[in-house]
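**Student:** sequence below, structure please.
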Amino acid sequence: MPETLLELLEHAASVRDKGLRFVDRRERDRFFSWAAIRRQASATAGSLVALGIAPGERVALIFATGPEFFYAFFGILLAGGVPVPLYPPVRLGRLDEYHRRTARMLETAGCKLVLAETRIRRLLGETIERARPALGCCTLDALPEATAHTHAGATDDLALVQFSSGTTVDPKPVALSHRALLAQIRALNDRWRDPGRQPTGVSWLPLYHDMGLIGCVLPVLELPSVMTLLAPETFVARPALWLRTLGRLRADISVAPNFAYGLCVEKVRDEEMTGVDLSAWRLALCGAEPVSPSVLRAFRDRFARWGLRPEALTPVYGLSEAALAVTFGDLSQPFGTRRWAREALAAGRATPAGKTQDAVEIATVGRPLSGFAVRIANAASKPLPAYRVGRVWVRGPSLMAGYLAQPGATAAVFREGWLDTGDLGFLDASGELSLTGRAKDTLIVRGRNHAPAEIEQAASAVAGARRGCAVAVSRARDDQTTEEILVFVEHARDADKARIEHLGEAVEKAVLAATGLIPGAVIVLAPGTLPRTSSGKLRRGETQARHRAGTLTAPATVGALGLGGALVRSARAFRRTRRGRRS
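**Tutor:** Prediction:
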């Protein structure tokens, strides 16, 4: 049985007609067999060894979605090095921020070399100047010529440094061994394996993100099978292409965050779905960010006429520190939701809501994968019973070895083999997990805890708001008497002046109707203003910090390497004050 990623690659390369298919925005396919990827990666490995990469040394790779990413990724492993995938610069107006954050990640991971594709390398000068990796930055075609090389590796060797998303803190370098990655790969394949057919997948997720790389591509090596990849910027520009590709190839597995399902509902036109058949899509996994029941219902209803099965939509839960997945919803049933009394939930108890009670609807994210366990604990790390809200702790075979070279940070999240995820949630009597928020993102208003996600969903659903682009934070009021909520929301690109001017008031009304809370202020921003992690998640803490510093402004352009390339208007902001606020 293979014990390393390299042995999995050898196994996949021995099977004909299996590999990676890349689809461009014109729906043209390019296929690369695992054998061809293995040959090119081996040549890259020889060049890296000739350049001076020794076993265990970290090499960053900054590539868009394409075969070159895999030549670099597996080439680094075959050289004995450790790949560190990083995100490419996609916002020209925020290059200063990109240089600062990427240089910090290079330093934190101790990268000796940066590999990048040619068009990206042209933008990395300041990043490299700040981080000063020993061997600088190089493209694949500029590596020295050398004979092919193969490093065997061992199961407990470091195989990947995957940065956490950093939604509440700076990203941390998650150290994952071959053993952990193979445990995750096998758990995923065991979960979705169908004896009647070989799984086939389609993904547009970024390859520098764990859900795109570990969740979508690496499991295909074990089967082996064919994985079809679209570039993230292609999906954002034309969401229908994701669905068209699924239908055209009769693919049965694809995963996406909540916002992607909402984007399809909003942007995909009927004429783009002509001839599309989604009936083969049996697993439409939803994870990586809070799951909105209303979004999943809207997606289910919108695309049912093209064969989408209601049981396909499956909420899941995971995190980088676990090499990805921890729990899965029931694959044979439609996703489940329940309404919980808002006041009780704010006090830490999950109590079913009566018909007349103010309620919060939450989608369950299922039960642990084979070999994994979940428990809920209080602030003192003591386990809590079912239906009590607390911190989510997980245990399983694919947990990280720790944060690379950060023993203090590692010790802070581990207790006797259990990992403190930093997420909040509860278990029901059957062991199904429901999430209520992030510990560090929790809004505290008059002693009650409130999850920001529900406020943000209500705000971004308002006409004139940009879907999925709202942030809610809490702060002390000016008179220091209590906490108040601030809501930051980006207006839609096509919103007219009148709608933008009244957007703050409309958001306030929507938040009040959905949650019973009145924001202390609603700040309306231009598209592209809110700071995000490398995987596209909104950064609440950084939003608040920039607002305090007066630096929360829109970039000049978005999409240097994709994401629509749209011009962004200058930021607009306003604050509404009101006496007698209540919560």
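**Student:** let me see the mean pLDDT of stretch 428-439.
**Tutor:** For stretch 428-439, mean pLDDT is 92.
**Student:** check stretch 453-463 too.
**Tutor:** pLDDT averaged over stretch 453-463 gives 88.
**Student:** again with stretch 231-243
**Tutor:** Here the average pLDDT along stretch 231-243 is 95.
**Student:** then it to CSV, C-alphas only?
**Tutor:** Taking Å, rounded to 0.1, in the frame of the first residue of the first chain, the C-alpha atoms of stretch 231-243 are listed here in CSV:
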residue,chain,number,x,y,z
ALA,A,231,-9.3,28.4,-13.1
PRO,A,232,-11.0,30.3,-10.2
GLU,A,233,-11.1,33.5,-12.2
THR,A,234,-12.9,31.7,-15.0
PHE,A,235,-15.6,30.6,-12.6
VAL,A,236,-16.0,34.1,-11.1
ALA,A,237,-16.3,35.6,-14.6
ARG,A,238,-18.7,32.9,-15.9
PRO,A,239,-20.2,30.7,-13.1
ALA,A,240,-22.3,28.8,-15.7
LEU,A,241,-19.1,27.2,-17.0
TRP,A,242,-18.8,25.1,-13.8
LEU,A,243,-22.2,23.7,-14.2
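**Student:** tell me how far it lies from the chain's centre.
**Tutor:** Distance, stretch centre to chain centre, for stretch 231-243: 16 Å (Cα atoms, centre = their mean, to the nearest Å).
**Student:** before we move on, what about stretch 495-503?
**Tutor:** Taking mean C-alpha positions (Cα atoms, centre = their mean), stretch 495-503 and its chain are 31 Å apart.
**Student:** what do you get for stretch 213-226?
**Tutor:** The chain centroid and the centroid of stretch 213-226 are separated by 18 Å under Cα atoms, centre = their mean.
**Student:** end-to-end on it?
**Tutor:** Distance between the two ends of stretch 213-226: 14 Å, counting by Cα to Cα, to the nearest Å.
**Student:** check whether residue 153 sits in a helix, strand or coil.
**Tutor:** Here residue 153 is recorded as coil under DSSP: H, G, I helix; E, B strand; the rest coil.
**Student:** what's the closest non-adjacent residue to it?
**Tutor:** Closest residue to residue 153 apart from its sequence neighbours, by Cβ to Cβ, 6 or more residues apart in numbering: residue 4 at 4.7 Å. C-beta: built from backbone N, CA, C; applies to glycine.
**Student:** for the one you found, list the residues it contacts.
**Tutor:** If a contact means Cβ atoms under 8 Å, 6 or more residues apart in numbering, then residue 4 has 152, 153, 154, 155, 157, 159, 178, 182 as its contacts.
**Student:** again, only this time at 6 Å
**Tutor:** 153, 155, 178 (Cβ atoms under 6 Å, 6 or more residues apart in numbering).
**Student:** buried only: go through these for me.
**Tutor:** Neighbour-count burial (16 or more other Cβ atoms under 10 Å) applied to those gives 153, 178.
**Student:** secondary structure element for the residue nearest to residue 415 when sequence neighbours are not counted?
**Tutor:** Ranked by Cβ to Cβ, 6+ apart and with sequence neighbours excluded, the top spatial neighbour of residue 415 is residue 381, at 5.8 Å. Assigned by DSSP states H and E, residue 381 falls within no helix or strand.
**Student:** one more: residue 473?
**Tutor:** strand 465-476.
**Student:** state the distance from residue 374 to residue 54.
**Tutor:** 39 Å (Cβ to Cβ, to the nearest Å).
**Student:** of the two, who's got more company?
**Tutor:** A count of neighbours by other Cβ atoms under 10 Å puts residue 374 above the other of residue 374 and residue 54, at 22 against 11.
**Student:** need the three-state assignment for that one.
**Tutor:** Look at residue 374: counting by three-state DSSP, its state is strand.
**Student:** now swap in residue 74 and tell me
**Tutor:** Residue 74 is classified as helix under three-state DSSP.
**Student:** residue 229 too?
**Tutor:** strand.
**Student:** so it sits right up against residue 22, yeah?
**Tutor:** Yes. Contact criterion Cβ atoms under 6 Å: residue 229 and residue 22 qualify, at 5.4 Å.
**Student:** who has more neighbours, these two?
**Tutor:** residue 229 (26 against 17).
**Student:** just list whatever residues bridge to the more buried one.
**Tutor:** Beta-bridge partners recorded for residue 229 (DSSP bridges): residue 22, residue 203.
**Student:** which pLDDT value belongs to the residue nearest to residue 404 when sequence neighbours are not counted?
**Tutor:** Closest residue to residue 404 apart from its sequence neighbours, by Cβ to Cβ, 6+ apart: residue 173 at 4.0 Å. With respect to pLDDT, residue 173 scores 96.
**Student:** residue 173 - how many residues pack around it?
**Tutor:** Using other Cβ under 10 Å: residue 173 sits among 23 other residues.
**Student:** pretty sure it sits against residue 109.
**Tutor:** Yes. In this structure residue 173 lies within contact range of residue 109 using Cβ under 6 Å: 4.9 Å.
**Student:** tell me, what's touching those two both at once?
**Tutor:** residue 161.
**Student:** before we move on, the earlier item: how close does the residue nearest to residue 404 get to residue 106?
**Tutor:** Taken as Cβ to Cβ, the span from residue 173 to residue 106 is 10 Å.
**Student:** same thing with residue 212?
**Tutor:** With distances taken as Cβ to Cβ, residue 212 is found 21 Å from residue 106.
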